[in-house]
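Trainee: just a sequence and a predicted model for now, questions to come.
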Amino acid sequence: MIMKMLKIQPAIERQQIIITEPLSYRTNVLRNRLWFRGDPSELEQFAMQTATDAVSKARFWAAVATEGLRIRKIHSGLPAMVAETLSDIVLADFDGIDLQPKEMADNWQEIAKSNKFDELLGESITDTLTAGDGAFKVTVDTEVSKYPIVEFYSGDQVDYKRKRGRLQEVLFYTDYRVKDKDYRLIETFGRGYVRCQLLNDQGKEVALNTVPETAQLQPEITYSGDWIMAVPVRFFKSAKWPERGGSIFDRKNDEFDALDEVISQWMDAIRSGRVQKYIPEDLVPRNPNTGEPTRPNPFDNQFIKIGRPLAEDANDKIQVVQPPIMYQAFVESYASTLDMCLQGIVSPSTLGIDLKKRDNAEAQREKEKTTLYTRGKLIEVLNSVLPQLVDVVLKVNDTMNNRTAGNYEASVTFGEYASPSFDDIVATVGKARSFGIMSIEQSVEELYGDSWTDDEKAAEVARLKEEQGLLVEEPSLKRDPPPDEELDDEDL
């Protein structure tokens, strides 16, 4: 009835809407890698070659300089700073791995030392944040090491095969170039087997000995056990490609482009705003020997020569001109764009950037909450991935030594980040003690925690109790013992 009264025509249901994605998955990973590399020349070449739609052509890095106007394009380097800082924060808080059974801890330490595990972990976190996902590959090469070899492949070198959401195979790609021909090695890691396949540039399979680096590989290797010698890693889920990871740069591409534009425009304004001297021709400095005009020097003798005016009341004088530069507008634009780049990823304070210049310590810690959320997500994933990796590595080690692969339980521990300073802890604990709601033992535990041993904390508790008079024994009533003689009836 209402539709008839208002004469509302229902919308026509469209049968098909075609949307063309500007970049494929691997091209998108390449763009993220170029953001991380931070080379302005590479960014410009990529943007110009991939600008096929109106949105891409309007971006700063895709802008083409016209004749007579050259744009100095400057990259901020912010993407690399964000990825490396997050990786360093997680790696710095990594306290180690606890194993069950404990007798395998020494074996794991030797394997970790052989593979430089801490360095490998840091690189894998950075690559995963940049590319979106990746996978650890565990292989055996007795000519290189007597322990299993752990390598990390980023998302553009890995594919996954899943069945109903369960991982079935992990495919690793390695490219080679021999005699001006390109080859790709595909290693398929499945449950109980590893298959190798070498393809040429036309996609046809060739013999493994075609490339010297793959000549020692076998087409298929099997082992006992229902487990895969590979562990995938993914911190965030991609919104475009199912079952793939999302990079922290995916949704910040336009913001990074805008930040570089603001910085480049700022520097261009400073360059254009240099002081200019306009000197009449008669006042131009001349060589005292030859009388010829001295050429301008950009450092200590920069000027522009002008002709002699012909007006009746004209005066020959030197004019110094400098255009105004809107520094405050550029600073505000830079701060706003920088905030957009870092929103939802990391706090400016984590990167050492203070946009307010007047924040106290409490305000700085409040800003760290964004970093804490991102760090918590990374640690949550690593708490699941690293125990799986340790279990797979130790199983491969058992297989190498002709032992039955065992089951190993590993736990990962991480320290605290952005904890309050010692002065703040003393103030909080002191206030709790003054209110009588915290014991001496608990106050010592809160102050020194894991930095002191149990014996040191017990000694400190004893000293505090002694200084505060809590260890003084109460005086006892001393009485003379009763006499041994028997009491007669009168004394009773």
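Mentor: Cool, the structure landed. Numbers count the residues shown, from 1 in each chain.
Trainee: number of residues surrounding the nearest residue to Ser124 once chain neighbours are set aside?
Mentor: Excluding its sequence neighbours, the residue lying closest to Ser124 (C-beta to C-beta, 6 or more residues apart in numbering) is Phe152, at 4.3 Å. Glycine gets a C-beta too; all of them are placed from N, C-alpha and C. Phe152: 19 surrounding residues under other C-beta atoms under 10 Å.
Trainee: so what pLDDT did Phe152 get?
Mentor: Predicted confidence (pLDDT) for Phe152: 96.
Trainee: can you tell me the SS state at it?
Mentor: With DSSP: H, G, I helix; E, B strand; the rest coil as the basis, Phe152 sits in strand.
Trainee: ok, now how distant is it from Phe46?
Mentor: Counting by C-beta to C-beta, to the nearest Å, the separation of Phe152 from Phe46 is 24 Å.
Trainee: got it, and Asp180?
Mentor: Taking C-beta to C-beta, one finds Asp180 at 25 Å from Phe46.
Trainee: just Tyr448 next, same as before
Mentor: From Tyr448 to Phe46 the distance is 53 Å (C-beta to C-beta).
Trainee: so the two - more neighbours on which side?
Mentor: Between Tyr448 and Phe46, counting by other C-beta under 10 Å, Phe46 is the more crowded of the two (19 against 15).
Trainee: tell me where the stretch 51-200 of the chain has strands.
Mentor: Listed in chain order, the strands of the stretch 51-200 of the chain (DSSP state E, counting those that start in this stretch) span residues 94-100, 133-139, 149-154, 158-163, 166-178, 181-190, 193-200.
Trainee: for the chain, longest helix please?
Mentor: helix 369-400 (DSSP state H).
Trainee: so how far is that helix from its chain's centroid?
Mentor: Taking C-alpha atoms, centre = their mean, to the nearest Å, the mean C-alpha location of helix 369-400 is offset from the chain mean by 16 Å.
Trainee: any idea which helix or strand comes after that helix?
Mentor: strand 409-414 (DSSP states H and E).
Trainee: other residues contacting that following strand?
Mentor: Residues outside strand 409-414 that contact it (C-beta atoms under 8 Å, 6 or more residues apart in numbering): 90, 93-100, 379, 382-383, 386-387, 390-391.
Trainee: hmm, 7 Å instead?
Mentor: Residues from elsewhere that reach strand 409-414 (C-beta atoms under 7 Å, 6 or more residues apart in numbering): 93-100, 379, 382-383, 386-387, 390-391.
Trainee: tell me the strands beside it, with direction?
Mentor: The pairing partners recorded for strand 409-414 under DSSP bridges are strand 94-100 (antiparallel).
Trainee: what residue ranges in the stretch 301-450 of the chain score low on pLDDT?
Mentor: 301-323, 355-367, 416-423, 450 (pLDDT under 70).
Trainee: any idea how far Val233 is from the residue nearest to Ser124?
Mentor: Separation of Phe152 from Val233 (C-beta to C-beta): 8 Å.
Trainee: packing partners for the helix or strand Ser333 falls within?
Mentor: Element membership of Ser333, judged by DSSP H and E, is helix 327-342. If contacts are counted by 3 or more C-beta pairs under 7 Å, 6 or more residues apart in numbering; DSSP states H and E, helix 327-342 sits against helix 253-272.
Trainee: so this structure: which segments form each domain?
Mentor: 74-248+345-415, 274-322, 422-467 (automatic domain parsing).
Trainee: I'd like to check which residues are in contact with the residue nearest the centre of the chain.
Mentor: For the chain, the residue nearest the mean C-alpha position is Ala83 (2.4 Å; C-alpha atoms, centre = their mean). By C-beta under 7 Å, 6+ apart, Ala83 lies in contact with Phe36, Thr126, Leu129, Thr130, Ile248.
Trainee: all helices of this structure, in order?
Mentor: Using DSSP H, helices in the chain cover 2-6, 25-37, 40-50, 54-57, 78-92, 105-115, 117-131, 253-272, 327-342, 361-367, 369-400, 422-434, 440-448, 454-467.
Trainee: now, of those, which is deepest in the fold?
Mentor: Of all the helices of the chain, helix 117-131 carries the top mean neighbour count, a mean of 21, counting by mean count of other C-beta atoms under 10 Å.
Trainee: taking strand 158-163 as reference, get the angle to it.
Mentor: If you take axes from the mean of the first three to the mean of the last three C-alpha atoms, to 10 degrees, helix 117-131 sits at 80 degrees to strand 158-163.
Trainee: check the offset of helix 117-131 from the chain's centre.
Mentor: The chain centre lies 9 Å from the centre of helix 117-131; the measure is C-alpha atoms, centre = their mean.
Trainee: from Gln265, how far off is the residue nearest to Ile325 when sequence neighbours are not counted?
Mentor: Nearest non-adjacent residue to Ile325, counting by C-beta to C-beta, 6+ apart: Gly273, 4.4 Å away. Using C-beta to C-beta, Gly273 is found at 12 Å from Gln265.
Trainee: just give me the neighbour total for the closest residue to Pro232 other than its chain neighbours.
Mentor: Leaving aside its chain neighbours, Pro232 sits nearest to Ala135 (4.5 Å; criterion: C-beta to C-beta, 6+ apart). Using other C-beta under 10 Å, Ala135 is surrounded by 27 other residues.
Trainee: doesn't Gln157 make contact with Ala135?
Mentor: No - taking C-beta atoms under 7 Å as the definition, Ala135 is not a contact partner of Gln157, at 8.7 Å.
Trainee: that older thread, report the angle between the longest helix of the chain and strand 94-100.
Mentor: Using the same axes, to 10 degrees: helix 369-400 against strand 94-100 is 40 degrees.
Trainee: other SSEs contacting helix 369-400?
Mentor: So helix 369-400, by 3+ C-beta pairs under 7 Å, 6+ apart, packs with helix 78-92, helix 105-115, strand 133-139, strand 230-234, strand 409-414.
Trainee: mind putting those in JSON lines, distance to Glu467 included?
Mentor: Shown next, in JSON lines, are the helices and strands packed on helix 369-400 (distance: least, C-beta to C-beta, whole Å):
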{"stretch": "helix 78-92", "distance to Glu467": "37"}
{"stretch": "helix 105-115", "distance to Glu467": "42"}
{"stretch": "strand 133-139", "distance to Glu467": "54"}
{"stretch": "strand 230-234", "distance to Glu467": "53"}
{"stretch": "strand 409-414", "distance to Glu467": "35"}
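Trainee: so which of the ones you listed gets nearest Ala269?
Mentor: Proximity to Ala269 (C-beta to C-beta) singles out helix 78-92 among those, at 20.6 Å.
Trainee: send the alpha carbons of that closest one over as CSV?
Mentor: In CSV, the C-alpha atoms belonging to helix 78-92 read as follows (Å, rounded to 0.1, in the frame of the first residue of the first chain):
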residue,chain,number,x,y,z
LEU,A,78,58.0,4.2,6.9
PRO,A,79,56.9,0.7,5.7
ALA,A,80,60.2,-0.9,6.3
MET,A,81,60.5,0.8,9.7
VAL,A,82,57.1,-0.5,10.8
ALA,A,83,57.8,-4.1,9.7
GLU,A,84,61.3,-4.3,11.2
THR,A,85,60.2,-2.6,14.5
LEU,A,86,57.3,-5.1,15.0
SER,A,87,59.7,-8.0,14.3
ASP,A,88,62.3,-6.6,16.7
ILE,A,89,59.7,-6.1,19.5
VAL,A,90,58.5,-9.7,19.2
LEU,A,91,62.0,-11.2,18.9
ALA,A,92,63.4,-9.1,21.8
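Trainee: run the chain-centre distance for that helix.
Mentor: With C-alpha atoms, centre = their mean, you get 4 Å for helix 78-92.
Trainee: also stretch 165-174?
Mentor: Centroid separation for stretch 165-174 versus its chain: 25 Å, with C-alpha atoms, centre = their mean.
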